[in-house]
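A.B. asks: Provided below are the primary sequence and the corresponding predicted coordinates.
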Amino acid sequence: MNDQEAIRSQFAESLAVKQRSLEMLVPAIARAAGAMTASLRGGGKVLACGNGGSAGDAQHFAAELLNRFERERPGLAAMALTTDGSTLTSIANDYAYEQVFAKQVAAIARPGDCLLAISTSGNSPNVVAAIGAAHARSATVIALTGRNGGRMAMCLGAGDVEIRVPAERTARIQEVHLLVIHCLCDAIDRALYPDAAAT
């Protein structure tokens, strides 16, 4: 397989995963957007966490809400738990890396808030711990996962929403996670600011 054939294969596989996701995930994405909208409308906030590429996705999501997505509107209360180096390293040093998100959730989350928990495998120990902390604070969890949902799928509550990408490869899961994030941002904007001008 030459370079161009390999590139075409990557595109074809990505399109196929997106098509399967379209058929399977729309109701879950809509429920997640509804939960986030209700939280924000009620004065709550959305916290987001993940590792590696998923940390980038958490930051991307928080930036789209706090600044803006595609509409001119006031900033929305969102925060990525992946960006404060002093907080992350102090928790990892004094306690354990597994607690880097959970301790932040325990300190910041309030009843009615949402946690966007992102892991392509569903097995990241620090994200699983953050879900437990969110439940302890009566916050709703929106889980972005892939593969079989991993440990995250098993610890979600009745009011939580899992958006599980039907794929095995990390790259394909991440590509759909980004699309899901944009769908969430669009749905939140349309619900909260339906008359705001899109740009």
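C.D. replies: Yep, it's here. Numbering: from 1, shown residues only.
A.B. asks: what's the single longest helix in this protein?
C.D. replies: Scanning the chain for the longest helix, with DSSP state H as the assignment, gives helix 3-41.
A.B. asks: If you count neighbours, what's buried in that one?
C.D. replies: 14, 17-18, 21, 25, 28-29, 31-33, 35-37, 39-40 (16 or more other CB atoms under 10 Å). No exception for glycine: its C-beta is placed from N, CA and C like everyone else's.
A.B. asks: do the same with stretch 166-186
C.D. replies: For stretch 166-186, using 16+ other CB under 10 Å, the buried residues are 166-167, 169, 172-181, 183-186.
A.B. asks: circling back: avg pLDDT for the longest helix of the chain?
C.D. replies: In this model, helix 3-41 has a mean pLDDT of 98.
A.B. asks: Can you give the distance of it from its chain's centre?
C.D. replies: Helix 3-41 sits 13 Å away from the centroid of its parent chain (CA atoms, centre = their mean, to the nearest Å).
A.B. asks: Check which helices and strands that helix is in contact with.
C.D. replies: Judged by 3 or more CB pairs under 8 Å, 6 or more residues apart in numbering; DSSP states H and E, the packing partners of helix 3-41 are strand 46-49, strand 114-118, strand 140-146, strand 161-165, helix 170-192.
A.B. asks: Select, out of those, the one closest to residue 8.
C.D. replies: helix 170-192 (15.1 Å; CB to CB).
A.B. asks: In this protein, which residue is most central in space?
C.D. replies: The structure's the chain has its C-alpha centroid closest to residue 116; by CA atoms, centre = their mean the separation is 4.0 Å.
A.B. asks: does the nearest residue to that residue once chain neighbours are set aside have beta-bridge partners, and which?
C.D. replies: Excluding the flanking residues, the one nearest residue 116 by CB to CB, 6 or more residues apart in numbering is residue 48, at 4.1 Å. For residue 48, the beta-bridge partners under DSSP bridges are residue 80, residue 116.
A.B. asks: per-residue confidence at residue 44?
C.D. replies: We have a pLDDT of 98 for residue 44.
A.B. asks: cool, residue 195 as well?
C.D. replies: Reported pLDDT for residue 195: 90.
A.B. asks: same check, this time on residue 57
C.D. replies: For residue 57, the predicted pLDDT is 98.
A.B. asks: for residue 105, same thing?
C.D. replies: 98.
A.B. asks: ok now the helix or strand containing residue 153, how far from the chain's centre?
C.D. replies: Per DSSP states H and E, residue 153 falls inside helix 150-154. Here helix 150-154 is found 15 Å from its chain centre; the criterion is CA atoms, centre = their mean.
A.B. asks: tally of neighbours for residue 84?
C.D. replies: Around residue 84 there are 14 other residues, counting by other CB atoms under 10 Å.
A.B. asks: Distance check, it against residue 77.
C.D. replies: Distance of residue 84 to residue 77, given as CB to CB, to the nearest Å: 17 Å.
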